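A.B. asks: return a 3D structure for these sequence lines:
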Amino acid sequence: GQVYFSSGEFELAIADLTQVIRINPKSADAYINRAACFTMIKQYDKAIEDNKSAIGLDPNNDAAYYNMSAAYQLKGDFAKSLAAVDKAISLEPNNPTYLIGRGMVNFCAGNMDKSAEDYKKASQLDPKNRYSRLMYGLALMRQGKDGAGYFKEYLEKNNNTEWPKPVFRMLTESISPEECLKIALESDKEEIMERKCEAYFYIGEYYLLKNNKAKAKEFFEKCMATGVSYFNEYIFSKAELKKL
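C.D. replies: Coordinates of the predicted model:
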């Protein structure tokens with residue numbers, strides 16, 4: 001089941017994990033893993049039920065709460081998503097992945113101040129995660145705060161050019177959205193759709209910050225058209241389009 005999940009064959013993974021549950025109905029891990037498969041094929045209600053089953057077997061299973069939060073978020077139920085990820089964080093308060101997850105939910109819900117707090121703490125716990133830093137600065141900018149100054153300071157200390165550094169540069173007006181997209185399109189063939197998904201979202205945010213809602217909408221739609229639904233940027237774009 002795990003091998004099938006890793007290779008993207010989610011229906012086959014579900015079949016094997018269902019067999020595991022038949023053999024051992026008290027396996028919380030089997031429910032959690034099957035829930036992850038259901039999430040990947042967009043059967044969010046089944047994912048939520050499986051995570052609830054895991055929690056019934058293991059009430060302090062932080063992973064189940066976190067995964068359930070993700071399913072609720074993808075359904076657009078931000079209140080229940082926040083409640084679930086809050087529980088995960090109460091069980092594992094210094095887990096940067098969970099803080100990033102809550103930062104995502106808050107960003108999607110428009111709670112930019114709380115989103116910035118979560119991404120800031122996550123970046124302190126895991127300083128090498130450039131995306132936490134990127135989303136922290138972006139959440140600051142969405143509040144009208146000096147996120148650009150934060151990006152400039154970060155770029156001065158980290159002058160390498162790997163992705164997503166071009167996004168940092170775009171948001172500080174060092175390069176144009178067109179230049180940022182060009183760099184994304186120069187990625188390896190295996191990564192091109194993921195890079196396009198990311199670039200389109202951040203370009204959409206660039207235009208949203210400039211109050212150009214038509215251009216923002218155009219790029220959020222392009223992000224979703226990539227079909228990379230398992231990327232955070234796809235989820236963000238979906239939420240932004242609902243607000244627009």
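A.B. asks: over to the spatially closest residue to residue 228 that is not a sequence neighbour. Which of the three states is it?
C.D. replies: Nearest residue to residue 228, sequence neighbours excluded (CB to CB, 6 or more residues apart in numbering): residue 197, at 4.0 Å. For the C-beta atoms, the positions are set from N, CA and C on the backbone; glycine is no exception. Following DSSP: H, G, I helix; E, B strand; the rest coil, we place residue 197 in the helix state.
A.B. asks: give me every residue that touches residue 197.
C.D. replies: Contact analysis of residue 197 by CB atoms under 8 Å, 6 or more residues apart in numbering lists 223, 226, 228, 231, 233, 234.
A.B. asks: among the residues you listed, who's most crowded?
C.D. replies: In terms of neighbours by other CB atoms under 10 Å, the contacts of residue 197 top out with residue 223 at 28 neighbours.
A.B. asks: that one touches residue 237, doesn't it?
C.D. replies: Yes: between residue 223 and residue 237 there is a contact under CB atoms under 8 Å: 4.0 Å.
A.B. asks: find residues that contact each of those two.
C.D. replies: With CB under 8 Å, 6+ apart as the test, residue 223 and residue 237 both reach 200, 201, 204.
A.B. asks: tell me, how many residues neighbour residue 242?
C.D. replies: For residue 242, the count of nearby residues is 10 (other CB under 10 Å).
A.B. asks: next up, phi/psi of residue 160, please.
C.D. replies: Dihedral pair for residue 160: phi -70, psi 160, per degrees, to the nearest 10.
A.B. asks: distance of it from residue 181?
C.D. replies: Counting by CB to CB, to the nearest Å, the gap from residue 160 to residue 181 is 20 Å.
A.B. asks: next one: residue 237
C.D. replies: For residue 237, the distance to residue 181 equals 15 Å [CB to CB].
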